Structures are given as C-alpha cells and as structure tokens.
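Peer 1: Quick one, structure for this:
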Amino acid sequence: MMWSGMAFSDGDDGPQREAANRQRFARRVGASPDWAELQQVHGSRVLHVLTSGLSGEADAMFTSQQELPLAVFGADCPTVLVSSATAVGAAHSGWRGAAAGVVPELLIAMKRDGHEPRRAAVGPAIGPCCFEVGPEVLEQFPGFEAETTWGTASIDLGSVIAQQLGGLEVVTDDRCTRCDSTLPSHRRDRTSDRLVGLTWLV
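Peer 2: Take a look at the predicted model:
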C-alpha cells in the first residue's frame with residue numbers, strides 16, 4: 001500500500017498531465033495504470049468493485065480482484081488504505097466522512113464479504129496544527145479537540161481515524177499537507193492538485 005502525488009490542473013493541460021503522472025507512477029510501483037476510482041462525495045457509502053474506471057458515488061471501496069488498483073484522492077483529507085489476506089480497501093475520510101463513519105463502514109463491508117482486515121495505512125493530511133474548524137465540526141468529535149498553532153479550535157482527525165481502525169496494525173504518514181509545501185493543500189493554495197492513495201492485491 002502506498003501514496004504518491006498525482007497532479008491535476010484546472011487548466012487545459014490537466015488531462016494530459018494526469019495521464020502522464022499516472023503512467024509514470026504506475027511504472028515506478030509496478031501497478032496497472034487502469035485504476036478503480038470513485039466520485040468522492042464526503043459520505044460513508046462503500047462499494048465492492050471488480051473493474052477499473054469510475055465506480056460511482058462513494059467514499060470507500062474494496063476488491064478481491066488481483067492486480068486491480070484502488071485509488072482515492074485528497075488534498076487535505078486523509079486517504080486510508082486497508083488490507084486483508086484476500087482483499088484490499090481504500091477510503092477518502094475528510095471530517096464529514098469520519099463523522100459518518102466511512103472507515104468503520106469499509107471494515108464492516110470487507111468482513112461481511114469474508115475478508116478480515118489486518119493492516120491499514122493513513123496518508124498525509126491536514127494536521128491539528130492547521131485544521132481550524134467551527135463549533136459545528138467540534139461537536140462531531142468530542143474528546144478529539146485540539147488547537148492550531150495560531151490558537152484557534154482544531155480537530156485531531158488523524159487520531160479519530162486511528163481509533164476507528166480499532167486494533168489493526170496502522171502505519172501513518174504524519175506530515176501536515178498545509179505545513180509541508182511539497183504536498184498539495186487545498187486550504188493553503190486552493191490547488192486542484194491531489195495526493196493519491198493507491199493499493200492493490202498481488
């Protein structure tokens with residue numbers, strides 16, 4: 001399970017730039033450039049996918065198909081990858097998805113289909129140092145309140161997701177997308193660039 005930066009652009013070169021980055025990344029990691037993807041909507045729906053391409057509106061998916069890469073995207077929202085012995089899953093979990101339980105729903109869906117999750121990985125996302133939120137977000141996550149470096153209310157979304165992953169073995173990339181200028185951040189730059197979380201079953 002791994003991440004890489006995937007460049008998108010609002011300009012005319014966007015599709016060409018995306019295709020070139022996808023091909024380059026796929027060659028580097030030994031994956032197919034034909035990925036299963038979602039129309040991400042900040043919810044908790046989970047899809048069981050069997051083929052590449054756009055699978056529908058959802059924020060998580062899993063597959064037991066070998067060599068089928070699952071891709072989820074974020075530019076401040078965490079991407080979460082899950083594996084079992086017989087399947088892999090991927091989720092996009094911003095605060096709305098975390099509040100709706102998209103990661104627990106992914107684990108439940110995998111278990112229901114006979115795939116017991118064992119490990120997980122969480123990609124770079126906006127950290128509590130920079131994730132300024134209002135009271136409507138704070139009330140969704142009691143016990144996970146934090147403070148930004150400039151003294152306003154924040155949420156430790158990474159800790160929320162770690163709790164939702166339960167007893168799984170978890171590897172986390174703790175870099176803050178807003179702090180780290182090498183990573184895309186919508187909050188910092190209003191960029192259309194995204195990070196991709198990519199996983200596949202060998």
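Peer 1: Beta-bridge partners for the residue nearest the centre of the chain, please?
Peer 2: Central residue check for the chain by Cα atoms, centre = their mean: the C-alpha nearest the mean position is that of residue 79, 1.4 Å away. Beta bridges link residue 79 to residue 92 when assigned by DSSP bridges.
Peer 1: ok, so what distance separates it from residue 108?
Peer 2: For residue 79, the distance to residue 108 under the criterion Cβ to Cβ, to the nearest Å works out to 19 Å. Bear in mind the C-beta positions are built from the backbone N, C-alpha and C, glycine included.
Peer 1: Same check on residue 46?
Peer 2: Using Cβ to Cβ, we find residue 46 at a distance of 8 Å from residue 108.
Peer 1: neighbour count winner among those two?
Peer 2: For residue 46 against residue 108, the residue with the higher neighbour count under other Cβ atoms under 10 Å is residue 46, and the figures read 24 against 13.
Peer 1: So, low pLDDT: which residues of this structure?
Peer 2: 1-17 (pLDDT under 70).
Peer 1: For it, identify the residue most remote from the centre.
Peer 2: Distance to the chain centre peaks in the chain at residue 151, reaching 27.2 Å (criterion: Cα atoms, centre = their mean).
Peer 1: mind checking the SS state of that one?
Peer 2: Reduced to three states with DSSP: H, G, I helix; E, B strand; the rest coil, the structure at residue 151 is coil.
Peer 1: Please give me every residue in contact with it.
Peer 2: Residues touching residue 151, when contacts are defined by Cβ atoms under 8 Å, 6 or more residues apart in numbering, are absent altogether.
Peer 1: what's the burial count for residue 118?
Peer 2: Other residues near residue 118 number 12, with proximity taken as other Cβ under 10 Å.
Peer 1: Tell me which other helices or strands the helix ranked longest in the chain touches.
Peer 2: Ranked by residue count, the top helix of the chain under DSSP state H comes out as helix 14-29. Packed against helix 14-29 by the contact rule (3 or more Cβ pairs under 8 Å, 6 or more residues apart in numbering; DSSP states H and E) you find strand 2-6, strand 194-199.
Peer 1: Next SSE downstream of it?
Peer 2: Later in the chain than helix 14-29, the nearest helix or strand by DSSP states H and E is strand 36-39.
Peer 1: Tell me which residues of that next one come out buried.
Peer 2: Residues of strand 36-39 classed as buried under the neighbour-count rule (16 or more other Cβ atoms under 10 Å) are 36, 37, 38.
Peer 1: Repeat that for stretch 39-57.
Peer 2: Neighbour-count burial for stretch 39-57 flags 40, 42, 43, 44, 45, 46, 47, 48, 49, 52, 55 (criterion: 16+ other Cβ under 10 Å).
Peer 1: Test my guess that residue 107 contacts residue 119.
Peer 2: No: at 11.8 Å, residue 107 and residue 119 do not qualify as touching, with contact defined as Cβ atoms under 8 Å.
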